[in-house]
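> show me the folded form of this:
(4 chains)
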Protein chains: 4
Amino acid sequence: MIIIMKPGASPEAVGRVTGVIEEKGLQVHLSQGHQVTIIGVVGDKSLLEGVNFEVSEGVERVVPVTESYKLANRKFHPENSAVPAGNTVIGPGTLTVMAGPCAVESREQLLETAFAVKKAGASFLRGGAYKPRTSPYSFQGLEEEGLKYMKEAREATGLGVICEVTSEHAIEKAVKYVDMLQIGARNMQNFELLKEAGRAGLPVLLKRGLSATIDEWLNAAEYIMAEGNPNVTLCERGIRTFETATRNTLDISAVPVLRSRTHLPIILDPSHATGVRDYVEPLAKAAIAAGADGLMIEVHPDPARALSDGPQSLTFDQFEGLMGRLKPYAKLEGRNF
Amino acid sequence: MIIIMKPGASPEAVGRVTGVIEEKGLQVHLSQGHQVTIIGVVGDKSLLEGVNFEVSEGVERVVPVTESYKLANRKFHPENSAVPAGNTVIGPGTLTVMAGPCAVESREQLLETAFAVKKAGASFLRGGAYKPRTSPYSFQGLEEEGLKYMKEAREATGLGVICEVTSEHAIEKAVKYVDMLQIGARNMQNFELLKEAGRAGLPVLLKRGLSATIDEWLNAAEYIMAEGNPNVTLCERGIRTFETATRNTLDISAVPVLRSRTHLPIILDPSHATGVRDYVEPLAKAAIAAGADGLMIEVHPDPARALSDGPQSLTFDQFEGLMGRLKPYAKLEGRNF
Amino acid sequence: MIIIMKPGASPEAVGRVTGVIEEKGLQVHLSQGHQVTIIGVVGDKSLLEGVNFEVSEGVERVVPVTESYKLANRKFHPENSAVPAGNTVIGPGTLTVMAGPCAVESREQLLETAFAVKKAGASFLRGGAYKPRTSPYSFQGLEEEGLKYMKEAREATGLGVICEVTSEHAIEKAVKYVDMLQIGARNMQNFELLKEAGRAGLPVLLKRGLSATIDEWLNAAEYIMAEGNPNVTLCERGIRTFETATRNTLDISAVPVLRSRTHLPIILDPSHATGVRDYVEPLAKAAIAAGADGLMIEVHPDPARALSDGPQSLTFDQFEGLMGRLKPYAKLEGRNF
Amino acid sequence: MIIIMKPGASPEAVGRVTGVIEEKGLQVHLSQGHQVTIIGVVGDKSLLEGVNFEVSEGVERVVPVTESYKLANRKFHPENSAVPAGNTVIGPGTLTVMAGPCAVESREQLLETAFAVKKAGASFLRGGAYKPRTSPYSFQGLEEEGLKYMKEAREATGLGVICEVTSEHAIEKAVKYVDMLQIGARNMQNFELLKEAGRAGLPVLLKRGLSATIDEWLNAAEYIMAEGNPNVTLCERGIRTFETATRNTLDISAVPVLRSRTHLPIILDPSHATGVRDYVEPLAKAAIAAGADGLMIEVHPDPARALSDGPQSLTFDQFEGLMGRLKPYAKLEGRNF
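You can find the predicted model right below:
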């Protein structure tokens, strides 16, 4: 931690800050410039929890030096992680495609989709049974009934199945039916839910919050991992910006940024990022080329009649075509697919 | 709902759209321009749930005409609402000031603060017992013990007390001790929590999400109200933008925008919005002048040692001085304070 | 300047960095932590122009300590500045209201408006003769003819007149007719234009760019001041965010932030910030309460027929009513108005 | 254009709106819903310039139906354009790589770089002679001297050369020395500069503004094209968002969005978008996979000593390695490279 003093801060003001640091058992390194004094803090900064140097007289600002996440941090875990999930392993050398409808709408819709995405080469079936919807009057999901169809689809096809959970209650139900839990963007900082997910014993896909910084996102992953669950996969699904031409703005740079900061696998969701079916293919290719470990793509038997997110869903034929065209990109990146 | 067709959309494409509308029992109004055909839909649009005209061939875009929130909508409730909470009523003609520490840290800290903010003229004591923190390694709150201190502070001072709830479990506890529940920014779209809060029987303060549009915010209020709880108050606490000079960007325009769209009372939180103690006073005055029904302000006996958000907290003296200087602004706005 | 090294950076990597610093004639202060080495640089950092420590091996990041703007910086000029302009002085103790149409459309429109805003108490007439419009096919302004009407309006009413300039050519013309030059949001980082404006001999109103940070804005002011022109006034007119309920998001916190960083006067423009006539009054009051030195407000004889920005313009009657209602707020702030 | 009336708008209010439309010679299509009346306007909407229906009593909002840009619009020019520039053609079937230093610093630096990027396979040399810098005290470029070096580099290597222009004066100089003009992000809405560039007789690379929507960007291109210059290429270089892990956020979705709206070629600049050398390669690959027609990449003989933007520059070796690794991606997309 570095504390930058205001120009002309008095020796007393500097002394008050260094006094607190030393009193807590840490060391001070003082750097006296022509205009500005800088105080370096050396030692375990957790001893300073609850000390707010910012409000001490003469302090200009405080600059943190080390990240607050440890388990997710590449610095302490230099190798890329591989997350076992369903019948696959998400991570280096593979390209995991999770496909399926935004919402589970019926047994027929789900099973039909499961067979189609399996045939096209996906390794996971996605499908929402608990749907977080902007309006309380929109379709909210089939809940446990939907989970049962997920399990049935798994047994019928051998696909792994993943489902978003939105409450402790949903987690309790979901663990009985699915292979992987998904925490959605709106719940990325629902810390109670993160802790529950960390204790549930299943791998977790953590979507990035609509306006979460990459550091906040890694701290959210840390909440899950701190409960003893190392099997976290990150999913970039677009952030909120001023641009309205797409539903969100896919932050493709998040792939190399995450790669430098964390060892966790990274998946991209071009369907939610853009909200437009025609933009899914170029962004899926771009995601692979940027180094993503997988893709999440919405597929629906009849997008025009989907109960949610129809405009961004692919038909079975479109998905199969896409999968074929993605193959050479995966190959270039040395990914089994 | 209006459906705008692409230039040169075929009569068959138009026919497919109008066919679906009529099949669902709604009426079509066709407007054929030189370049573009526009289809107006007349009738109850909930009959179109699950129909995605965007993916129908030839459709350029779909423009919604009516808001999806009803109970929170000023159109159907033209008078400003007054929300009874604690010993006060939040709404027209009053200025409700909620003050206290970011986090309840100890019995002494809370009681001392309660007496100080009561003396200065606040009508509510705020204080977090369940703290959503970016890092799992930061102080997470005293939980039920903190709630007990809140109740004790209420009994000792007569202030109303308000506490953030972050889970169903926290709500179950909080209803036994406090007068008003707070849903924080990070949980604004935690819809399960909103529903629980709606059923809890207490008034609810709903903070705006970091990147929530005003319409999403009003839909979140609708989740609470749809459970039968009309006593919702909205709290603007800054949105996330590119500017880093302040912790968040206070969206002061939200006051008149909300006033035009909803009848619910509006409170502003200049402490969280700016993150800087010196900016609280000018923004508190601005909030009153813009028409806010109240303020939420962080006060701490010793901000330099606060376990969270110290840099933005006022000392007791600073708060008392501020309250005196706010009085003439409240008076100008005809607000009892 | 502080250079933070990566954990485990080699002594050679540290040595390469400190070698360059010392070679340039500056001093090094080394702070060796358990995990991280921090290098403080003491001395005139302009000697390091063109050295990029970020790409030196082992460097994590570089943290600047001092601001790059000097003339606009409150640290070197602690008193608030007063900018003489037209027949008034913008700054402490006054509230300068600049009012008028977005665009000068005709002699009659401008003169009529000038008399109306003068009567209501404005001290400046605003009006665009060179209009930066999103589309090349929209009305682009009357250019020199418009400037002539501005001058005529000044002579007829005694108001100061201000006009936006969008090119060197426009500045050459404008200096012959107006009292103050305006640099618009889209040109805030048109550095050639800033330099020209700095040399033009008239006070300059510098609007904030749509996505400019406060530091970039103050650096833009520095461009004008570095040409020898100290008479710069800053105008906040809303920044671009994700919220679409208003045309832009008025960053009201910019008032106290600027007050702490610069001595220059600050004006707010609630008309462009919101784009909605009904929101102008609450935000004008808020601006005064937050400590602004003035307001810029759009007024038009017939907003429904304005050639640009009609929806946010006030009628004469609305403006006169508003000015009366603003008086007590200006009085509370000790501002002559 | 569609005008949506407020619920319960009076027949008189509707009549006032339709009266104006008909008076201007356009046709009205009325759609009377249960709650809301919608007015479709049929005919040439330029006849309504200067009419602001938003402020007419009873109007809720106005929805535009057609884009304001025509020459840049794919609807009126369905084939992808190819822009001849230097010794290449930017557009379908090619991948144009523009490489070189952020700023021209010396004859040696530029020539050395020119030969290196030529050898690695670039077809254009980039280099700034007029540098828009945040602070007036930073290096501002060599101006005409820098242009002369550009010309010399062109003659020595056969590369096309491109240089940013920041004023009318710079355009006058640049046309004598370079093959293509670049308008930078900060000047994207410097409309006077756009018009000058449109008249200069050279192809123009138009970078996207830091917070420009795609529609504003296409309207800026329209300013150039409306002067008779069809040879415009668009360059996405990152937009400003809340995320600070990268200098800007590369909006990779802009590629398919632009592809659907315009026929102009699209280039991506991963160097400015990220500001970090290590992120350039994954984003360059992603850009090609997303369908970009070219790349702009910063290369410098000694990035640690670059006078601007060193941290994002590649060394010669790094650039040559990158170009080799990009080849199979270009091939997959059917691009000659």
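> and stretch A:319-326, which residues are buried?
Buried residues in stretch A:319-326, counting neighbours by 16 or more other C-beta atoms under 10 Å in any protein chain shown, are found at A:319-320, A:322-323, A:326. Where you see a C-beta, it was placed from the backbone N, CA and C, and this is true even at glycine.
> so what's the residue count around the residue nearest to A:Val175 when sequence neighbours are not counted?
Spatial nearest neighbour of A:Val175, chain neighbours left out: A:Ala200 (5.3 Å); criterion: C-beta to C-beta, 6 or more residues apart in numbering or on different chains. Neighbours of A:Ala200 under the rule other C-beta atoms under 10 Å in any protein chain shown: 19.
> now A:Ala200: how far from A:Leu194?
According to C-beta to C-beta, to the nearest Å, A:Ala200 and A:Leu194 sit 11 Å apart.
> ok, back up a step: D:His263: which of the buried residues of stretch A:319-326 is nearest?
For those, the minimum distance to D:His263 (C-beta to C-beta) is 24.7 Å, reached by A:Leu322.
> quickly note the distance from that closest one to A:Leu205.
Going from A:Leu322 to A:Leu205 by C-beta to C-beta gives 21 Å.
> identify the residues contacting A:Thr315.
Listed by C-beta atoms under 8 Å, 6 or more residues apart in numbering or on different chains, the contact set of A:Thr315 reads A:299-303.
> go again with 7 Å.
Contacts here follow C-beta atoms under 7 Å, 6 or more residues apart in numbering or on different chains; on that basis A:Thr315 touches A:Pro303.
> check which helix or strand covers A:His272.
Applying DSSP states H and E as the criterion places A:His272 in helix A:270-274.
> does that helix reach chain C?
No: Helix A:270-274 does not reach chain C (C-beta under 7 Å from any C-beta of the partner chain); its nearest approach is 14.9 Å.
> so what touches that helix?
Against helix A:270-274 from outside (C-beta under 7 Å, 6+ apart): A:237-238, A:246-248, A:250, A:279-280, A:283-284, A:287, A:297-298, A:312, D:253.
> nearest to A:Pro136 among those?
A:Arg247 (20.7 Å).
> dump the residue contacts of the nearest residue to A:Asp293 once chain neighbours are set aside.
Among residues not flanking A:Asp293 along the chain, A:Pro265 sits closest, at 4.2 Å (C-beta to C-beta, 6+ apart). By C-beta under 7 Å, 6+ apart, the contact set of A:Pro265 is A:81, A:83, A:90-91, A:233, A:293.
> tell me how far A:Pro265 lies from chain B.
Separation of A:Pro265 from chain B (C-beta to the nearest C-beta, to the nearest Å) stands at 21 Å.
> likewise for A:Met323?
A:Met323 is 20 Å from chain B, where distance means C-beta to the nearest C-beta.
> quickly find the element holding that residue.
Going by DSSP H and E, A:Met323 is part of helix A:316-332.
> likewise for A:Ile267?
For A:Ile267, the host element (DSSP H and E) is strand A:266-268.
> and if you look at A:Pro132?
Following DSSP H and E, there is no helix or strand that holds A:Pro132.
> can I assume it is in contact with B:Phe191?
Yes: in this structure, A:Pro132 is within contact of B:Phe191 by C-beta atoms under 7 Å, at 5.2 Å.
> which neighbours do those two share?
A:Thr166.
> who has more neighbours out of those two?
B:Phe191 (24 against 18).
> was I right to think the more buried one contacts B:Tyr223?
Yes: counting by C-beta under 7 Å, B:Tyr223 is a contact partner of B:Phe191 at 5.7 Å.
> hang on, A:Val204 packs against A:Val232?
Yes: using C-beta under 7 Å, A:Val204 and A:Val232 qualify as a contacting pair, with a distance of 5.3 Å.
> what do those two both touch?
Taking C-beta under 7 Å, 6+ apart as the criterion, A:Val204 and A:Val232 both touch A:Ile224.
> related to what we said a few turns ago, and the helix holding A:Met323, how far from the chain's centre?
Going by C-alpha atoms, centre = their mean, to the nearest Å, the spacing between the C-alpha centre of helix A:316-332 and its chain's C-alpha centre is 24 Å.
> hang on, the earlier thing: contacts for the strand holding A:Ile267?
A:96, A:205, A:233-236, A:255, A:258, A:287, A:292-296.
> out of the residues you listed, flag the one nearest to chain D.
Checking the contacts of strand A:266-268 against chain D with C-beta to the nearest C-beta, the nearest one is A:Val255 at 6.1 Å.
> my guess is that closest one contacts A:Leu295. True?
No: A:Val255 is not in contact with A:Leu295 according to C-beta under 7 Å; the separation is 11.9 Å.
> what about these two, which has more around it?
Between A:Val255 and A:Leu295, A:Leu295 has the larger neighbour count (other C-beta under 10 Å), namely 28 against 25.
> pLDDT on the host helix or strand of that one, on average?
Assigned by DSSP H and E, A:Leu295 belongs to strand A:294-298. Per-residue pLDDT over strand A:294-298 has a mean of 98.
> mind listing the strands it pairs with, and their directions?
strand A:96-100 (parallel), strand A:266-268 (parallel) (DSSP bridges).
> so for A:Val204 and A:Val232, which sits in the more crowded spot?
A:Val232 (27 against 24).
> can you tell me which residues contact that one?
So A:Val232 contacts A:204, A:206, A:221, A:224-225, A:264 (C-beta under 7 Å, 6+ apart).
> please parse chain A into its domains.
Under the assignment automatic domain parsing, the domains of chain A span A:2-63, A:74-332.
> deepest of those domains, which one?
domain A:74-332 (a mean of 22; mean count of other C-beta atoms under 10 Å in any protein chain shown).
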